[in-house]
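Trainee: my questions concern the predicted model and sequence given below.
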Amino acid sequence: MEKLDGEVGVTVKNDAEMKELERSLYALIDANFEAQLAETREVLHVRGVPDSGGERPSGVEGPLDDLLHRAQRMGFLTKNIDSDVGCVEMGEGALTGIWARLPGGDGSVVDEPGAADDRGTAVAFLYAMKALRDSGLPLRRRFRLILGPDGGGSRCISRYACTEAQPILSFSPDAELSVINAEQGILRVTISQSAPIEANGGTELIGLNGGDRFNEVPELAEAVIRCDAEEWEAIIAACRDLDVLLEGPSEVKITARGAAHATEPEKGGNAVQKLLWRLADLDFCRADGMLIDAVCRMAGQGHSGDGLGIESRDGVPLTCNLAAVRMEANETRKTKTVLMKLDIRYPVTFTPDDVIGNMKKAATEAGAELVVNTHKPPLYIPESHESVQTLLNACRATAERPLSVKGRARSMPDPANQAGENEAGLRDVTHTYAEALVRINESGPRSSDP
């Protein structure tokens, strides 16, 4: 290794010197690993700050303040921006941003898997930054660890963007231990389908409700039917795999169950879809039968979005989650309306018009109305891009087999679990973060360059 003129430290010139630097970085991480483990346990047990109406009470220290204080004690520059976002910084030059989340806004001790992932990642990256700083390698970039305490992250990002410098490169170590260079678009819509209320029209749907949040596959859905007693046996037979309860001389409640996440709806049954298709087998009055039939056609029976004309093509994945359903009655207008909330995750190979245009066409043909609630277009950086290759090489240098950062962080050590393999996973992922930092650093201009 060679010292730069007028500088203290070393610069990497070839593969052999990079290997030597890697060994040095790993040794620094290993030497501090017991302290890292102890801080990880402590950070996981910092209570979140109650958040009411977007305001955090003054004088209450939460996970953000706690981690910033830890970074200060390690000698880093820190900044707390209105308790919405925090920064830990080292180096000079072009800004590289590393986004990490610090969940825990409900006042509880955070010990669920997602919190171990997010908070543990922040601590691991802090120790990776420390290793690079202590290695003696001149810092050719300004590295900023950007910490957001709110689980969703949007408030943190928005607040940061208002007043802070924008990184020329940014990434988040909250993914699989390879590089994710594309992110699906997220489209959330509400579809409403109406029908007249028929007087004395026979079997009638008088209640329908299930699901709530867009990003969840509904785990419970209920329908209430008004019918004559002679219809009970047919309803019970058609819904034999669901819970059927007689609620009175002329009312039956049907309940369906299931659960998953909107990103992977195939991993759990959708209670709303299950219920709707059972209702489609029943002999309703004409208006309600047509209403349920139209809703079922749009909802489809899986998560492909085929009922709305947005199914995957050429094997490229798209998921459509029927997140919620609700029925409302308007006695003045003598109508009832079924509202469906759908969460669609679509790939970069689809355009917004491919998805929104086809959905609007399907809704119009069914006599329904579609409203776009939120839309985030897909993101994509080519695999050939220098930043993607830099991060890929960091992963390849430290991982002997494909492993998930999220999976590793999820099983980080805590007071109740001291398995050696968990500690090894945390150590390895910290090595990977340090590897990424040094490779980004080496890809930047030398401080002696013009």
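Mentor: Structure received.

Trainee: can you map out the helices along the stretch 251-400 of the chain?
Mentor: Counting by DSSP state H, counting those that start in this stretch, the stretch 251-400 of the chain has helices at residues 271-279, 286-299, 352, 358-365, 386-398.

Trainee: so which of the ones you listed is the most surrounded?
Mentor: Ranked by mean neighbour count, these are led by helix 271-279 with a mean of 24 (mean count of other CB atoms under 10 Å). Quick note: C-beta positions are derived from backbone N, CA and C, even for glycine.

Trainee: contacting residues around that one?
Mentor: Helix 271-279 has contacts (CB atoms under 8 Å, 6 or more residues apart in numbering) with 205, 208, 210-211, 217-223, 238-239, 242, 254-259, 292, 295-296, 299-301, 322, 324-325.

Trainee: put the alpha carbons of it into PDB.
Mentor: This file holds the C-alpha atoms of helix 271-279, laid out as PDB (Å, rounded to 0.1, in the frame of the first residue of the first chain):
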ATOM      1  CA  ALA A 271     -60.600 -14.100   3.200                       C
ATOM      2  CA  VAL A 272     -62.500 -11.600   1.100                       C
ATOM      3  CA  GLN A 273     -62.000 -13.500  -2.200                       C
ATOM      4  CA  LYS A 274     -63.000 -16.800  -0.500                       C
ATOM      5  CA  LEU A 275     -66.200 -15.200   0.800                       C
ATOM      6  CA  LEU A 276     -67.100 -13.500  -2.400                       C
ATOM      7  CA  TRP A 277     -66.900 -16.700  -4.500                       C
ATOM      8  CA  ARG A 278     -69.000 -18.600  -1.900                       C
ATOM      9  CA  LEU A 279     -71.600 -15.900  -2.200                       C
END
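
Trainee: flag the shaky bits of the stretch 151-300 of the chain, pLDDT-wise.
Mentor: 151-154, 174-178, 200-201, 259-268 (pLDDT under 70).

Trainee: what about Ala199, neighbour count?
Mentor: Look at Ala199: counted by other CB atoms under 10 Å, it has 8 neighbours.

Trainee: just the buried ones from the contacts of helix 271-279?
Mentor: The neighbour count (16 or more other CB atoms under 10 Å) marks 205, 208, 210-211, 217-223, 238-239, 242, 254-256, 258, 292, 295-296, 299-300, 322, 324-325 as buried among the contacts of helix 271-279.

Trainee: contacting residues for Thr374?
Mentor: Ile186, Leu187, Arg188.

Trainee: the nearest residue to Glu247 once chain neighbours are set aside pairs with what?
Mentor: In space, and not counting its chain neighbours, Glu247 is closest to Lys253: 5.2 Å by CB to CB, 6 or more residues apart in numbering. Lys253 forms beta bridges with Val224, Leu245, as assigned by DSSP bridges.

Trainee: for Ala223, see how far away Lys253 is.
Mentor: 7 Å (CB to CB, to the nearest Å).

Trainee: and for the two, which residues touch both?
Mentor: Gly207.

Trainee: got the domain ranges for the protein?
Mentor: Residue ranges for each domain of the chain read 15-181+381-443, 185-379, as given by automatic domain parsing.

Trainee: measure the longest one end to end?
Mentor: Between the opening and closing residues of domain 15-181+381-443 lies a distance of 14 Å (CA to CA, to the nearest Å).

Trainee: repeat that for stretch 382-389.
Mentor: Span of stretch 382-389 from end to end, CA to CA: 10 Å.

Trainee: so what touches it?
Mentor: Under CB under 8 Å, 6+ apart, the answer for stretch 382-389 is Leu169, Phe171, Val179, Asn181, Ile381, Leu392, Ile440, Ser443.
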